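Trainee: Whatever this is, show me its structure:
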Amino acid sequence: MHPAEVARRVLKIEREGLAAVEAKLGEEFEQAVRLVLEARGRVVVTGLGKSGLIGRKISATLSSTGTPSFFLHPAEALHGDLGMVTGEDVLLAISNSGRTEEVILITQILKRRGVPVIAFTGRVPSPLADLADAVIDIGVPREACPYGLAPTASTTATLALGDALAVALAEARGFSPEDFRRNHPAGTLGERLKVRVAEIMLTGECLPLTRLGTLMTEALLEMDRKRLGCILVLDGQGYLRGIITDGDLRRALVRYGGLEGLRVEEIMTPEPKCIEAHRLASEALDLMERHLITVLPVVDNGRHLVGILHLHDILGKGRFKFTV
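Mentor: Modelled structure (predicted):
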């Protein structure tokens, strides 16, 4: 069979598996959500082999969407790591067969400690299902593996149900995009561009500032201390009147032959490009690209200076300065 035909067959079988587990969703899934919401601790996810690999991903998704979680390897749990689990936690145990000995053993131990148990299993009834307070049936009609041996459709179904649990919990908690970004301060550029300028701009002592009338020799010291490649020129009321960049310095040296005796207003670029703090980082990046600049003063609607934004703060180079 042509490889593309094999791929289509696999995807068809996995779609069938997802449809099968969807049809079985009901009260048990809702009970699982309630158990987690009522718990004061974390969701402890465990599983062995392929189930363990899927469990790690489910745990990571739970944590990033507002439900604290960690993965507990069954073998490590039996050699001391069970001490990580408290009576306030919830156990999510994954075993397609429902008979994985290590998973059954730690489930029995934690059950005796009063830890609520959610089971993801493809066999109902089974030893694991019998121990659980809520049973999510992950059973699929068949595996995509032609011999029915390698977990394929079953692992896809398990992963999808883990996502469903995480999303249901996130919605129940009112988890917001702002909450997600606080958990992902070094996320992708796409996420970074959705934040407001106010969240990533530099303020206070980080700002390279000088006043109208200041000698360039003095302003250069401030410019060198702040290391942003520019200095912002303010009037006596704190309004932005100009900016001096490395390019302005080069042009001044060519024109005047030196900076001695010059004042900042003689070489600054007046009325520089600015942005307001409530604007999106994507708007700031677009403005920088259109005008070929790497720093952008941040002002209020009266051009009173409130901060400065550097290109690196948008692209995330070095330490990305999210407010978390």
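Trainee: Where do the helices of the stretch 51-200 of the chain begin and end?
Mentor: Shown for the stretch 51-200 of the chain, the helices assigned by DSSP state H, counting those that start in this stretch span residues 74-77, 101-112, 127-131, 153-173, 177-183, 189-192, 197-200.
Trainee: Note down every partner strand of the helix or strand following the last one and its orientation.
Mentor: Yep, that's helix 197-200 we're talking about. Downstream of helix 197-200, the next assigned helix or strand under DSSP states H and E is strand 209-211. Each strand paired with strand 209-211, and its direction, by DSSP bridges: strand 230-234 (parallel).
Trainee: residues making contact with the strand it pairs with?
Mentor: With contact meaning CB atoms under 8 Å, 6 or more residues apart in numbering, strand 230-234 is reached by 207-212, 214, 219, 222-223, 240-246, 264-265, 268, 295, 297, 305, 308. (Glycine included, C-beta is placed from N, CA and C.)
Trainee: Select the helix or strand of this protein having the lowest average pLDDT value.
Mentor: helix 189-192 (a mean of 62; mean pLDDT, DSSP states H and E).
Trainee: Flag the shaky bits of the stretch 201-324 of the chain, pLDDT-wise.
Mentor: Across the stretch 201-324 of the chain, residues meeting the criterion (pLDDT under 70) sit at 316-324.
Trainee: Show me the strands in it, by range?
Mentor: In the stretch 201-324 of the chain, the segments counted as strands under DSSP state E, counting those that start in this stretch are 209-211, 230-234, 240-245, 269-270, 275-276, 295-299, 305-310.
Trainee: Of the ones you listed, which is nearest Pro127?
Mentor: Closest approach to Pro127 among those is made by strand 305-310 (58.5 Å; CB to CB).
Trainee: could you dump the closest one to CSV, C-alpha only?
Mentor: Output of strand 305-310 as CSV, limited to C-alpha atoms (Å, rounded to 0.1, in the frame of the first residue of the first chain):
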residue,chain,number,x,y,z
LEU,A,305,7.0,60.4,29.1
VAL,A,306,6.0,57.2,31.0
GLY,A,307,8.6,54.7,29.7
ILE,A,308,10.7,53.4,26.8
LEU,A,309,10.4,50.2,24.7
HIS,A,310,13.4,48.5,23.2
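Trainee: what's in contact with stretch 292-308?
Mentor: Residues from elsewhere that reach stretch 292-308 (CB under 8 Å, 6+ apart): 197-198, 201-203, 206-209, 228-230, 232, 234, 237-240, 243, 245, 272-277, 284, 287-288, 309-311.
Trainee: Please report the distance of Val36 from Glu143.
Mentor: 29 Å (CB to CB, to the nearest Å).
Trainee: Of the two, which one has the most company?
Mentor: Val36 (26 against 21; other CB atoms under 10 Å).
Trainee: what sits against that one?
Mentor: 43, 67, 90, 118, 165, 169.
Trainee: Kindly reformat those residues as a markdown table containing neighbour count, distance to Ile13 and pLDDT.
Mentor: Shown next, in a markdown table, are the contacts of Val36 (neighbours: other CB atoms under 10 Å; distance: CB to CB, whole Å; pLDDT from 0 to 100):
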| residue | neighbour count | distance to Ile13 | pLDDT |
| --- | --- | --- | --- |
| Val43 | 25 | 30 | 96 |
| Thr67 | 23 | 31 | 93 |
| Val90 | 26 | 32 | 97 |
| Ile118 | 24 | 26 | 98 |
| Leu165 | 24 | 23 | 97 |
| Leu169 | 20 | 29 | 96 |
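Trainee: What residues of stretch 259-270 count as buried?
Mentor: For stretch 259-270, the buried set under the neighbour-count rule, 16 or more other CB atoms under 10 Å, comprises 259, 262-265, 267-269.
Trainee: Can you name the residues in contact with it?
Mentor: Stretch 259-270 is contacted from outside by 210-217, 219-220, 231, 233, 241-245, 248-249, 251-253, 256, using CB under 8 Å, 6+ apart.
Trainee: Stretch 39-47 too?
Mentor: Residues outside stretch 39-47 that contact it (CB under 8 Å, 6+ apart) are 36, 52-56, 58-59, 62, 67-74, 77, 84-95, 100, 103, 106-107, 110, 115-116, 120.
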